[in-house]
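>>> no FASTA, just this:
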């Protein structure tokens, strides 16, 4: 009997079916710059007009083992939202406007409904940040993934005029660090979170422990990553605020991410307080996980940080409030010994 | 005992070590447009000067189950080369110049040496096509991949002046299709190829069957995807050749890829012959796999197709010969019934 590609484990028709279902989702994310009906092999996008010496800003990321929560719960329509958040929140830290996004979806045997749900989440987030879902790859890799599992990679491109790049170089002692709330874990620290909640505490996805204030474990773990593009756009387009640095708080928490945009010899002294989403307390107590480890693993309630000179802090807060946001004053930029280890440049009270 | 992120399966130090090893590899791919020392969160790249109405061209791809051959043989330093080939060969089909590349590497437990080898292959290919390795993500996903396995996704961005976009729209009956040789399977059809060679024929990676003309199964299966960027650059920069369409021959073979760049109502009549790398004959006989299935699964020796008007064919062949290439005249563009199924628009002799 002759062998065909399908018998070897690859279902071309399922792939075609998914492509058909994705088309309207991608079309809904279209922005004016996208060139349609050209390019059989690649997506095409013009540059927005009015940019002076345009610089392309690009980042790639995945969603880590938050995927395992999607597999466990069968909820697949928000993990793509997380994927966009992880990539686009990085790209906007330099002041770039998100332009387009591509995704890679790798699985053992394609489930068209799951693939469509994942892409719907991606498209929803793309719409929210105003970037086009320009392309993607669905790869069926028989024997590479466990049944019902998949991996996701995202790729975002944004653009900024060179003179408007925000790179942290002008950050100075005395500047104010404003924090914008996260929605929970976002997409980091899931190996530890799952270990503590599911293995150490033996919680199930439908359990609603008192510590989660009414939410189930599944709900708390699946809560989508927040998108900060509109906050960045509002701050940079205000025209009166000297935004000196922005940081996306991902794996590594504040100590792992804030110093990435600070000049040598500067740190941030944490002075303020902010509410922690309840899942963090549950993990800290359930592990137990020490406060230092919590800080360097999770965002602990702050998803994005903006650094401005003190005289602009009030206006920045006003602009963020107009976005429906209540920013937290985390603290101030302070001089630190140039030999200070990276993570210790975020100085916590009592340290 | 308190729990840390590392105990939950994520080794931050291994990730840092890999980042250090990647730095010089990425640096070696630097092009003049890359902005260094800016952007803690994302890679930055200017546009090449002299472009009129620049259009960004972007594609993403993986390498399919060619990965399994890397796992089986322990040879990890060419699979990244394939990854770049799959993405960049797509992006250049519209005449774009490759600009930058990003990769996603997902694995269960990071092996720093393997990760470095993979990125070395990526960097080698980036250098060859003149695009910058601008960023990447290494994701450690405990429990998601079998021991020693990983998945790879690549993202390429190129740029072309809008007026120079090659989109197939001007292809006309009588145009000539020129084929440029592949090196073998490239990165498509591996589920079928592995099934036939390893399972049906019970060949091992070190076997050297007569049909492979001296190569081992591992060598034949690992042969890197060819890169066609310099061919495209030579053809489009010649200034005298009206390149009307280009097609990257991947999964689906000639019938699945050539019609992607042909206007409705046109097909390609195959008239010429070209040498098939010996691995294809081995698979066809070993399966057995019927000729029709071979054609719609594998590139069968042609990795890239260029369509030019007949009066430009001689010069196009000359330019490709100057690149050390011996192109094959596959056949001519012919009218076909507009209702012809997609794949039947490539018309084979005797059909």
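It's in. All values derive from a computational prediction rather than experimental measurement.

>>> Which secondary structure state is assigned to the residue of the stretch 251-351 of chain A found nearest chain B?
Closest contact between the stretch 251-351 of chain A and chain B, by Cβ to the nearest Cβ, is at residue A:260 (3.5 Å). Heads up, the C-betas are built off the backbone N, CA and C, glycines and all. Three-state call for residue A:260 (DSSP: H, G, I helix; E, B strand; the rest coil): helix.

>>> Next up, the contacts around it.
Each residue near residue A:260 by Cβ atoms under 8 Å, 6 or more residues apart in numbering or on different chains is listed here: A:247, B:40-41.

>>> Using CSV, lay out these together with distance to residue B:88 and pLDDT.
Shown next, in CSV, are those (distance: Cβ to Cβ, whole Å; pLDDT from 0 to 100):
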residue, distance to residue B:88, pLDDT
A:247, 32, 98
B:40, 27, 70
B:41, 25, 81
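
>>> Most neighbours of all these, which one?
residue A:247 (28 neighbours; other Cβ atoms under 10 Å in any protein chain shown).

>>> residues from the stretch 201-350 of chain A in reach of chain B?
For the stretch 201-350 of chain A, the residues in contact with chain B (Cβ under 8 Å from any Cβ of the partner chain) are A:247-248, A:252, A:260-261, A:287-290, A:293, A:296-297.

>>> Could you tell me which of these count as buried?
The neighbour count (16 or more other Cβ atoms under 10 Å in any protein chain shown) marks A:247-248, A:252, A:260-261, A:287, A:289, A:293, A:296-297 as buried among these.

>>> So which of the residues you listed sit within helices?
Residues of these located in helices (DSSP state H): residue A:293.

>>> Just give the nearest non-adjacent residue to residue A:9, would you?
Of all residues not flanking residue A:9 in the chain, residue A:142 sits nearest, at 3.1 Å (Cβ to Cβ, 6 or more residues apart in numbering or on different chains).

>>> Select from the contacts of residue A:260 every entry located in strands.
Using DSSP state E, residue A:247 are the members of the contacts of residue A:260 that sit in strands.

>>> Turn the contacts of residue A:260 into TSV, columns for distance to residue A:88.
Shown next, in TSV, are these (distance: Cβ to Cβ, whole Å):
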residue	distance to residue A:88
A:247	14
B:40	16
B:41	11
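
>>> what about the residue nearest to residue A:9, which SS state?
Recorded secondary structure, residue A:142: coil (three-state DSSP).

>>> What mean pLDDT does stretch A:88-106 get?
Mean pLDDT, stretch A:88-106: 97.

>>> Whether it contacts chain B - can you check?
Yes. Stretch A:88-106 is in contact with chain B by Cβ under 8 Å from any Cβ, via A:90-91, A:93-94, A:96, A:99-100, A:102-104, A:106.

>>> If we only consider these, which is nearest to residue B:135?
Nearest to residue B:135 among these is residue A:90, at 9.3 Å by Cβ to Cβ.

>>> Double-check that the closest one belongs to a helix.
Yes. Per three-state DSSP, residue A:90 lies within a helix segment.

>>> Please name the residues that touch it.
Residues near residue A:90 by Cβ under 8 Å, 6+ apart: A:59, A:61, A:156, A:248, A:250, B:41-42.

>>> Relative to residue A:96, how far out is it?
Distance of residue A:90 to residue A:96, given as Cβ to Cβ, to the nearest Å: 10 Å.

>>> Overlap of the contact sets of the two?
Residues touching both residue A:90 and residue A:96 (Cβ under 8 Å, 6+ apart): residue B:42.

>>> Could you double-check that residue A:109 lies in contact with residue A:138?
No. Assessed by Cβ atoms under 8 Å, residue A:109 is found out of contact with residue A:138, at 11.7 Å.

>>> So between those two, which is more surrounded?
Using other Cβ under 10 Å, the more surrounded residue of residue A:109 and residue A:138 is residue A:138, with 21 against 16.

>>> which SS class is residue A:214?
On the basis of three-state DSSP, residue A:214 is classed as coil.

>>> give the contact list for the nearest residue to it once chain neighbours are set aside.
For residue A:214, ignoring the flanking residues on the chain, the nearest one in space by Cβ to Cβ, 6+ apart is residue A:208 at 6.6 Å. By Cβ under 8 Å, 6+ apart, the contact set of residue A:208 is A:214-217.

>>> out of the residues you listed, who has the most neighbours?
Among these, residue A:217 has the most neighbours (other Cβ under 10 Å), with 25 neighbours.

>>> isn't it right next to residue A:202, touching?
No. Counting by Cβ under 8 Å, residue A:217 sits too far from residue A:202 to count as a contact (10.8 Å).

>>> can you give me how far the worst-scoring helix or strand of chain A on mean pLDDT is from the chain middle?
Least confident helix or strand of chain A, by mean pLDDT, DSSP states H and E, is helix A:12-27 with a mean of 88. Centroid separation for helix A:12-27 versus its chain: 25 Å, with Cα atoms, centre = their mean, to the nearest Å.

>>> What lies in contact with it?
A:5-6, A:110, A:112, A:115-116, A:119-120, A:122-123, A:132-134, A:136, A:138, A:140, B:252.
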